[in-house]
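A.B. asks: Predicted model, plus sequence, below.
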Amino acid sequence: MSWAEIIRTGLEAVRSHRLRSGLTMLGILIGVAAVILTVGLGEGAQDKVRGQINALGSNLLIVAPGSTTTNGVRGGFGSASTLTRADADALTSHVVAPDIRAVAPTTSRSAALT
């Protein structure tokens with residue numbers, strides 16, 4: 001079979017089955033549009049998150065305690081109480097840590113309410 005015959009046979013098939021050919025083209029167009037929209041939304045969300053992280057600044061450092069294990073059950077991140085107020089005070093000293101401009105100590109606690 002030559003290329004001319006292949007093209008002629010294909011065009012005849014498209015012409016004789018117009019509804020099927022039209023629905024196939026519509027399906028392909030919808031699929032391509034869906035992929036383009038999904039990729040675009042993903043890229044946009046990624047750029048927004050990246051912008052929010054960059055807005056924090058590259059000189060921000062968060063120090064948090066690790067987790068604890070009690071009776072074989074591991075607590076979540078920050079559940080250990082290994083950091084104290086004295087640690088935060090030590091970080092404010094320009095002699096101990098000359099590159100640190102500011103320290104903002106925080107605390108959190110969880111409890112069951114009945």
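C.D. replies: On my side now, so go ahead. Numbers count the residues shown, from 1 in each chain.
A.B. asks: State the distance spanning the first to the last residue of stretch 88-98.
C.D. replies: Terminal residues of stretch 88-98 lie 14 Å apart, using CA to CA, to the nearest Å.
A.B. asks: no no, stretch 104-114
C.D. replies: From its first residue to its last, stretch 104-114 covers 32 Å (CA to CA).
A.B. asks: quick one: that stretch to chain centroid distance?
C.D. replies: The chain centre lies 27 Å from the centre of stretch 104-114; the measure is CA atoms, centre = their mean, to the nearest Å.
A.B. asks: same deal with stretch 97-113?
C.D. replies: Chain-centre distance of stretch 97-113: 26 Å, with CA atoms, centre = their mean.
A.B. asks: Which residues does that stretch contact?
C.D. replies: 78, 85, 88, 90-92 (CB atoms under 8 Å, 6 or more residues apart in numbering). C-betas here are computed from N, CA, C, even on glycine.
A.B. asks: buried residues in stretch 48-57?
C.D. replies: Using 16 or more other CB atoms under 10 Å as the test for burial, stretch 48-57 gives no buried residues.
A.B. asks: Can you tell me the element the residue positioned nearest the centre of the chain falls in?
C.D. replies: Nearest to the mean C-alpha position of the chain, counting by CA atoms, centre = their mean, stands Gln46 at 6.4 Å. Assignment of secondary structure by DSSP states H and E places Gln46 within helix 18-56.
A.B. asks: for that helix, what is the average pLDDT?
C.D. replies: For helix 18-56, mean pLDDT is 93.
A.B. asks: That helix packs against which elements?
C.D. replies: Judged by 3 or more CB pairs under 8 Å, 6 or more residues apart in numbering; DSSP states H and E, helix 18-56 is in contact with no other helix or strand.
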